[in-house]
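Enquirer: Give me the fold of what follows.
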Amino acid sequence: MPSDGHRWETLKALRNSSKGRLHYNQDVLEECRSLPKLSSYSGWVVDHILPNTLRHTQENGPSSDNPSSSGSASGLYQSSLLKSPVRSTLQSLSPSTLNGTQNTHESRFTEPIALQSSPAIKVEGCIRMFESASGIRATEGLMKWQEEQERKVQAFSEMASEELKKFDELKELKMNKELRDLEEVMEKSIREALGHQEKLKAEHHHRAKILKLTLREAEQRQREKQAEQEQLRKEEGQVRLRSLYTLQEEVLQLNQQLDASSQYKDLLNVDLAAFQTRGNQLCSLISGIICSTLESGIPTAENQAEAELALQEMQDLLLSLEQEITRASEVKKKNEEEEARVKRQESQVQQGPGVPAQSSAPSPSPTGSQNEDLQGKVQDSTLQWYQQLQDASAKCVLAFEDLTSSKDSQTKKIRTDLRKAATIPVSQISGISGSKLKEVFDKLHSLLSGKPVQSGGRSVSVTLNPQGLDFVQYKLAEKFVKQGEKEVASHHEAAFPIAAVASGIWMLHPKVGDLILAHLHKKCPYSVPFYPAFKEGMALEDYQRMLGYQVVDSKVERQDSFLKRMSGMIRLYAAIIQLQWPYANRQEVHPHGLNHGWRWLAQILNMEPLSGVTATLLFDFLEVCGNALMNQYQVQFWKMILFIQEDYLPRIEAITSSGQMGSFIRLKQFLEKCLLRREIPVPRGFLTPSFWCS
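Expert: Numbering: from 1, shown residues only. This is a model prediction of the structure:
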């Protein structure tokens, strides 16, 4: 309508006027600036007041003065009702909310409020139409903004999709590249692993091959070692078997001497049958030992020790018989001398006093005078030393006399156990290995130190008897010398293992060393060196025993057997003076070292030689100890060798008969070879440092 248009123009003009541009309260301005909003009572007004007002107006009829205004207001109201967003807002409310609102407003507005005038309604309608138009414009702007935002969102979404797609493609490319790189790395790793595996296989095969070869070599060495040990065991068994045969031969010879003593049956007051019966039993015992060892294969050290004990008992038996024969012979000789003296007195009485009595003393032999001259050349200090050793040996025998002469069965058992404990380990000495040699030494050292040792399945100790230590020391020294007399005499290489143990025992137990020298000097006086003199009134057999010969039943042993025994003992002595026990303290001095060897060599060259004996002993001594003396004394030693060749050999040759030239020729050739080479060779069987590691 035209009036409506003028109102709007009026409103715009008022708004653009100076008053319309005035600044009012901030709250009012804020309400004007903000989008038009309906109050919470608008719905209730629309639903309750406006319908009542319209109804009241219709009842009263339209105003006459301004019908067009009412009609326009009514139409505006209706259009506003149709277009107003209030109803849509109210329709969106829940019934409970409307009821609550209604109740609240009903409590405040109990009576309907009537509009005072139609202009107010028109103004309200204009306001509502403006608000409606503003809402529509706002809605359209909002819709445009929303569409624009939706387009932007769509664009951004498409852009994001593209970027995501590109990112996915790049990621896929990167993943594919990484996958390919990983596959390449894996293939490379697999190839390297396969190559390493092949290399390991090759190394494994190589090592397996080497291991097989090493194992085969070890098995071969083990077999060779076992074969060598078996061979050594057999050789040792053969040595023991030969020793058993030697012992059997000696026992048989002694038994024959017992049988031969029957010629003194009338002279003796004892029963010879008991001696002969015991001798036959000992022969049967050794024969049984040999038979049992032949059946079992190889004789043991216990078998040899048992045979040696049987031989010792046979020797003691024969010695007892000889003592009985000697006493009976002395008694008979005294009786005969008494009878001869009585007869001479009777004959002198019959012949008269003018006839001088003849002396019955024998004239000294040339041999006796020669040995007296030789005796005079021995140094007094050497004779004094010799006599001191013999006195010490005799005192040691007296110290355990009660142990040897006791008839108590328990004492006899202790004596037998001590003898076995001292002699059996010495019989077990061999050059097989250094470890076995050390076992023998440790066993002997423990026995001499008073510790219990195992012997024959029993525990033995020198503390079992107060005289046990002296007895063991004496028997041990005697056994060492016997080994030289028998074992070394038959096998020259055995000198060094025996000498090594003997020197070790000597260093820790000096009394045993003195007893070894005493036994050695008694059985081989040439080891002093000393030539015993023949004294007036001495029996020839006693003198021969002093010279070292074995005399049994007035029979002297053969010269070759005598020289063989002397050679074995001199070789053992020469080995002892140059060997030092390797496990002893290096700073400790050898108790009987090379200086004694030099003294022996010098003294024997100052004495007149004996036929056969001197040449043999010089050769044996120089062959065993010459290399050590050469290294020790050097120029002085070679001067002595030249003296032997140029001066002493002619003296030996002058007294040597044609049948005894063997020892002289052997010595002469040995000296010539050594002087030609300017060296004394290392003796056969010498114990090298590697031996002690075996």
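Enquirer: Would you mind checking the average pLDDT for stretch 330-343?
Expert: For stretch 330-343, mean pLDDT is 73.
Enquirer: try stretch 522-536
Expert: In this model, stretch 522-536 has an average pLDDT of 84.
Enquirer: buried set for that stretch?
Expert: Judged by neighbour count using 16 or more other Cβ atoms under 10 Å, the buried positions of stretch 522-536 are 522-534. Where you see a C-beta, it was placed from the backbone N, CA and C, and this is true even at glycine.
Enquirer: What does the pLDDT read for Ile113?
Expert: Confidence at Ile113, expressed as pLDDT, is 43.
Enquirer: cool, Trp598 as well?
Expert: Taking Trp598 on its own, its pLDDT is 91.
Enquirer: what about it, how many residues close to it?
Expert: A total of 18 residues lie near Trp598 under the criterion other Cβ atoms under 10 Å.
Enquirer: What's the separation between it and Leu389?
Expert: 19 Å (Cβ to Cβ, to the nearest Å).
Enquirer: Between all of the buried residues of stretch 522-536, which two are separated the most?
Expert: The span of these, defined through Cβ to Cβ, is set by Ser527 and Phe534 at 19.9 Å.
Enquirer: just the strands in the stretch 501-650 of the chain please.
Expert: Remark: strands assigned in the stretch 501-650 of the chain by DSSP state E, counting those that start in this stretch are 551-552, 555-556.
Enquirer: List phi and psi for Ser657.
Expert: Here is the backbone geometry of Ser657 (degrees, to the nearest 10): phi -80, psi 170.
Enquirer: residues making contact with stretch 280-294?
Expert: 240-241, 244-245, 247-248, 251-252, 255, 299-300, 303, 306-307, 310-311, 313-314, 317 (Cβ atoms under 8 Å, 6 or more residues apart in numbering).
Enquirer: For the residue nearest to Arg565 when sequence neighbours are not counted, give me its contacts.
Expert: Closest residue to Arg565 apart from its sequence neighbours, by Cβ to Cβ, 6 or more residues apart in numbering: Glu485 at 5.0 Å. By Cβ under 8 Å, 6+ apart, the contact set of Glu485 is 523, 565, 568-569.
Enquirer: Could you rank the residues you listed by neighbour count and give me the top one?
Expert: Using other Cβ under 10 Å as the neighbour test, those are led by Met569, with 28 neighbours.
Enquirer: wait, it sits on His521?
Expert: No - here Met569 does not reach His521: they are 9.9 Å apart, not a contact under Cβ atoms under 8 Å.
Enquirer: which neighbours do those two share?
Expert: Counting by Cβ under 8 Å, 6+ apart, the common neighbours of Met569 and His521 are Ser527.
Enquirer: Make a PyMOL selection of whichever of the contacts of stretch 280-294 turn out to be buried.
Expert: Per 16+ other Cβ under 10 Å, the buried members of the contacts of stretch 280-294 correspond to this PyMOL selection:
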select buried, resi 240+241+244+247+248+251+252+255+299+303+306+307+310+311+313+314+317
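Enquirer: List the ones among the contacts of stretch 280-294 that fall in helices.
Expert: Applying DSSP state H to the contacts of stretch 280-294, the entries found in helices are 240-241, 244-245, 247-248, 251-252, 255, 303, 306-307, 310-311, 313-314, 317.
Enquirer: low pLDDT regions in the chain?
Expert: Within the chain, the segments meeting pLDDT under 70 span 1-6, 22-119, 259-272, 295-297, 344-379, 586-587.
Enquirer: need the contact list for Leu618.
Expert: Leu618 makes contact with 604, 644, 667 under the criterion Cβ under 8 Å, 6+ apart.
Enquirer: Ramachandran coordinates for Val453?
Expert: Val453 adopts backbone torsions of phi -130, psi 160, taken as degrees, to the nearest 10.
Enquirer: Tell me how many other residues surround it.
Expert: 20.
Enquirer: same question, Ile577
Expert: Using other Cβ under 10 Å, Ile577 has 25 other residues around it.
Enquirer: Was I right to think it contacts Pro591?
Expert: No - with contact defined as Cβ under 8 Å, Ile577 does not reach Pro591; the gap is 9.8 Å.
Enquirer: now Arg666: how far from Thr411?
Expert: In this view, Arg666 and Thr411 are 50 Å apart by Cβ to Cβ.
Enquirer: brain fart, Thr616
Expert: As judged by Cβ to Cβ, Thr616 and Thr411 stand 43 Å apart.
Enquirer: Pick out whichever of those two has more residues nearby.
Expert: Comparing Thr616 with Thr411 by other Cβ under 10 Å, the one with more neighbours is Thr616, at 23 against 17.
Enquirer: which residues sit in contact with the more buried one?
Expert: Counting by Cβ under 8 Å, 6+ apart, Thr616 makes contact with 563, 566-567, 663, 667.
Enquirer: Quick check: closest non-adjacent residue to it.
Expert: Thr616 sits nearest to Ser663 (Cβ to Cβ, 6+ apart), 4.3 Å away.
Enquirer: Show me the strands in the chain, by range?
Expert: Assigned by DSSP state E, the strands in the chain fall at 453-455, 458-460, 551-552, 555-556.
Enquirer: and those as CSV, adding distance to Phe130?
Expert: Shown next, in CSV, are these (distance: least, Cβ to Cβ, whole Å):
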stretch, distance to Phe130
strand 453-455, 137
strand 458-460, 138
strand 551-552, 171
strand 555-556, 174
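Enquirer: For His196, find the nearest of those strands.
Expert: strand 453-455 (59.5 Å).
Enquirer: in its sheet, what does the closest one sit against?
Expert: Each strand that pairs with strand 453-455, with its direction, by DSSP bridges: strand 458-460 (antiparallel).
Enquirer: who touches stretch 164-180?
Expert: The contact list for stretch 164-180 (Cβ under 8 Å, 6+ apart) is empty.
Enquirer: before we move on, what about stretch 570-589?
Expert: 438, 441, 480-481, 483-484, 488, 492, 495-496, 498-504, 506-508, 516, 520, 524, 526-527, 590, 592-594, 596-597, 617, 620-621, 624-625, 628, 687, 689, 692.
Enquirer: Export it to PDB, keeping only CA atoms.
Expert: Provided in PDB are the C-alpha atoms of stretch 570-589 (Å, rounded to 0.1, in the frame of the first residue of the first chain):
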ATOM      1  CA  ILE A 570     132.800 -97.800  39.000                       C
ATOM      2  CA  ARG A 571     130.300 -96.800  36.300                       C
ATOM      3  CA  LEU A 572     127.600 -96.200  39.000                       C
ATOM      4  CA  TYR A 573     130.100 -94.100  41.000                       C
ATOM      5  CA  ALA A 574     131.100 -92.100  37.900                       C
ATOM      6  CA  ALA A 575     127.400 -91.400  37.200                       C
ATOM      7  CA  ILE A 576     126.600 -90.400  40.800                       C
ATOM      8  CA  ILE A 577     129.300 -87.700  41.000                       C
ATOM      9  CA  GLN A 578     128.100 -85.900  37.900                       C
ATOM     10  CA  LEU A 579     124.300 -86.100  38.300                       C
ATOM     11  CA  GLN A 580     122.200 -83.800  40.500                       C
ATOM     12  CA  TRP A 581     118.500 -84.500  41.300                       C
ATOM     13  CA  PRO A 582     116.600 -82.100  39.000                       C
ATOM     14  CA  TYR A 583     113.800 -81.400  41.500                       C
ATOM     15  CA  ALA A 584     116.200 -80.300  44.200                       C
ATOM     16  CA  ASN A 585     117.200 -76.800  45.100                       C
ATOM     17  CA  ARG A 586     119.500 -75.500  42.300                       C
ATOM     18  CA  GLN A 587     121.600 -73.500  44.800                       C
ATOM     19  CA  GLU A 588     122.400 -76.600  46.800                       C
ATOM     20  CA  VAL A 589     125.800 -78.100  46.100                       C
END
